[in-house]
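Enquirer: My questions concern the predicted model and sequence given below.
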Amino acid sequence: MQRLYLQFYVTILVVLAVFVGAAALLWRLADDDNRTPQYLDVAAELTGALLPDSDASQAEQRRAVDALHRKLRFDIALYRADGDVIAVAGKLPPRFDPRRARTGWRRGPGGPNFTLQLPDGRWLVARQVRERPNPTFWIAAFLALVGLAIAVGAYPVVRGLGRRLERLKTGVDRLGGGDLSARVKVEGRDEVAALATSFNRSAQRIEELVAAHRLLLANASHELRTPLARIALAASLLGDKADPKTRQSLKEDVAELDQLIEQVLLASRLEAIPDLERREPVDLLALAAEEASHYDLEAAGQSVTVSGDRTLLRRLVRNLVENARRYGGEGPVTISVTHEGGRAVLEVSDRGPGVPEAERQRIFEPFYRLAGGAETGRGSGLGLALVLDIARRHGGDVVCLAAEGGGSRFKVDLPAA
């Protein structure tokens with residue numbers, strides 16, 4: 001049983017059932033075994049005085065028993081000490097065994113039986129003609145009604161507590177899923193309400209910190225572009241005074257840093273916007289061919305239209321191509337688009353060293369780079385993370401596979417329009 005409110009409610013019902021059963025059992029035991037026999041001994045003495053002596057005739061003893069039957073309205077049987085019947089008035093009580101008999105009160109078929117041993121050794125067994133309601137039954141019934149009332153009254157309380165906890169769990173799941181605006185309704189003044197208040201306060205603080213972080217990142221990235229523009233301008237004005245190799249290296253570093261800033265800004269914007277800002281029909285093959293032409297490459301395959309953000313899809317293709325050129329070595333880079341079962345499939349392959357199978361998932365984590373990547377300074381580890389984010393925003397996914405003949409093959413699967 002997974003529902004917390006059901007666990008609470010079943011626990012209450014079990015406790016009530018145990019309480020009712022224990023109360024009824026204790027009453028029965030007390031009713032059966034804890035009666036003091038003194039008054040029965042007195043009743044035996046008085047009954048013996050009212051009845052004829054044991055040596056009187058059987059007819060005389062029968063008349064006395066009949067008289068008691070009429071006065072007391074009890075079924076009465078009189079036995080000798082050895083168990084033989086002397087006289088019976090009314091219905092005969094259950095079989096009597098003098099070896100097991102003792103003075104007292106016991107339940108029996110048809111009603112409670114009173115057994116008295118007279119002073120002269122005879123036995124008198126009496127059974128009430130009209131049985132009074134069994135007090136044990138009525139007490140048990142009363143306790144059962146009380147338990148039912150408590151169960152009915154406890155259910156809405158327990159269910160209400162369960163719903164509040166479920167709403168709190170939903171809020172935690174939303175916050176854990178990235179919805180920083182998730183809040184829960186504070187109800188009551190108990191511990192659950194205090195927990196909800198604490199959760200809302202924590203979520204508010206987390207949202208403020210993340211917003212401040214994003215703002216700082218965006219502002220810092222934006223401000224970096226001004227000195228970068230100055231460096232690029234200074235590099236172009238060097239002319240023949242600088243070594244051509246140094247000038248080219250400086251330009252490449254500036255371009256790479258500018259691209260990194262652009263990707264950081266894009267990642268920050270995507271984090272702030274959970275859905276696509278706009279959608280339009282995009283020919284994926286034409287878009288891939290256009291991006292490939294910037295690197296003197298060609299894209300082959302089928303023309304497939306997808307619905308999405310053209311700018312983001314262009315960034316997806318560009319990042320895959322640049323990743324293949326950066327890590328593919330001197331081998332060729334192939335780009336293809338196909339239509340498979342209502343899906344648009346974009347594949348970018350290279351002939352580089354490939355990606356170890358154990359790291360094919362981790363390379364899509366932000367700023368993760370393969371071993372040796374940090375030392376060589378190739379890439380920032382943000383390009384493939386953006387590819388995965390953009391693909392999923394368009395209802396698709398991306399995986400890294402091993403290419404035939406060596407290298408890596410990145411496969412993007414998007415829904416076709």
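Expert: Okay, I see it.
Enquirer: shaky segments in the stretch 251-400 of the chain?
Expert: Applying pLDDT under 70 to the stretch 251-400 of the chain flags residues 253, 256, 258-259, 264-265, 268-274, 371-380.
Enquirer: One more pass at 50, please.
Expert: 374-377 (pLDDT under 50).
Enquirer: Which parts of it are strands?
Expert: Along the stretch 251-400 of the chain, counting by DSSP state E, counting those that start in this stretch, strands occupy 280-283, 299-301, 305-308, 334-340, 343-349, 397-402.
Enquirer: Given the fifth one, what are its sheet partners and their directions?
Expert: Using DSSP bridges, the neighbouring strands of strand 343-349 in the sheet come out as strand 334-340 (antiparallel), strand 408-415 (antiparallel).
Enquirer: ditto for the shortest one
Expert: With DSSP bridges as the criterion, the sheet partners recorded for strand 299-301 are strand 334-340 (parallel).
Enquirer: Show me how this protein divides into domains.
Expert: The record's domain parsing of the chain by automatic domain parsing lists 35-132, 178-274, 280-415.
Enquirer: From start to finish, how long is the last one in a straight line?
Expert: When you say that, I think you mean domain 280-415. With Cα to Cα, to the nearest Å applied, domain 280-415 spans 13 Å between its terminal residues.
Enquirer: Now A87: which helix or strand?
Expert: strand 85-89 (DSSP states H and E).
Enquirer: just to revisit the earlier point, same list (the strands of the stretch 251-400 of the chain) but as JSON lines, adding distance to Q361.
Expert: Glycine gets a C-beta too; all of them are placed from N, C-alpha and C. As requested, the strands of the stretch 251-400 of the chain are exported to JSON lines (distance: least, Cβ to Cβ, whole Å):
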{"stretch": "strand 280-283", "distance to Q361": "27"}
{"stretch": "strand 299-301", "distance to Q361": "26"}
{"stretch": "strand 305-308", "distance to Q361": "24"}
{"stretch": "strand 334-340", "distance to Q361": "22"}
{"stretch": "strand 343-349", "distance to Q361": "18"}
{"stretch": "strand 397-402", "distance to Q361": "8"}
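Enquirer: quick one: which of those is nearest L320?
Expert: Proximity to L320 (Cβ to Cβ) singles out strand 343-349 among those, at 4.2 Å.
Enquirer: so that closest one versus strand 397-402, what angle?
Expert: Strand 343-349 and strand 397-402 are oriented at 40 degrees to each other (axes from the mean of the first three to the mean of the last three Cα atoms, to 10 degrees).
Enquirer: CA atoms only: put strand 343-349 into CSV for me.
Expert: Extracted in CSV, the C-alpha atoms of strand 343-349 (Å, rounded to 0.1, in the frame of the first residue of the first chain):
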residue,chain,number,x,y,z
ARG,A,343,10.4,11.1,-38.0
ALA,A,344,13.1,13.3,-39.5
VAL,A,345,16.5,11.8,-38.8
LEU,A,346,19.7,14.0,-39.1
GLU,A,347,23.0,12.2,-38.9
VAL,A,348,26.5,13.8,-38.7
SER,A,349,29.4,11.4,-38.9
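Enquirer: Just the buried residues of it, please?
Expert: Within strand 343-349, the residues that count as buried by 16 or more other Cβ atoms under 10 Å are R343, A344, V345, L346, E347, V348, S349.
Enquirer: give me every residue that touches L316.
Expert: L346, L386, V387, I390, A391, V412 (Cβ atoms under 8 Å, 6 or more residues apart in numbering).
Enquirer: Include distance to A144 when you put those into a markdown table, please.
Expert: Compiled in a markdown table, the contacts of L316 are given as follows (distance: Cβ to Cβ, whole Å):
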| residue | distance to A144 |
| --- | --- |
| L346 | 70 |
| L386 | 67 |
| V387 | 67 |
| I390 | 65 |
| A391 | 62 |
| V412 | 66 |
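Enquirer: Just flag the most distant two among those.
Expert: Farthest-apart pair in the contacts of L316 is L346 and L386; separation 14.7 Å (Cβ to Cβ).
Enquirer: residues making contact with stretch 65-75?
Expert: Stretch 65-75 is contacted by residues 47, 50-51, 76-78, 86-93, 114, 126-130 when judged by Cβ under 8 Å, 6+ apart.
Enquirer: Among those residues, which are located in helices?
Expert: With DSSP state H as the criterion, helices contain T47, L50 from among the contacts of stretch 65-75.
Enquirer: follow-up on the earlier one: if you compare the strands paired with strand 343-349, which one is most tucked away?
Expert: Ranked by mean neighbour count, these are led by strand 408-415 with a mean of 20 (mean count of other Cβ atoms under 10 Å).
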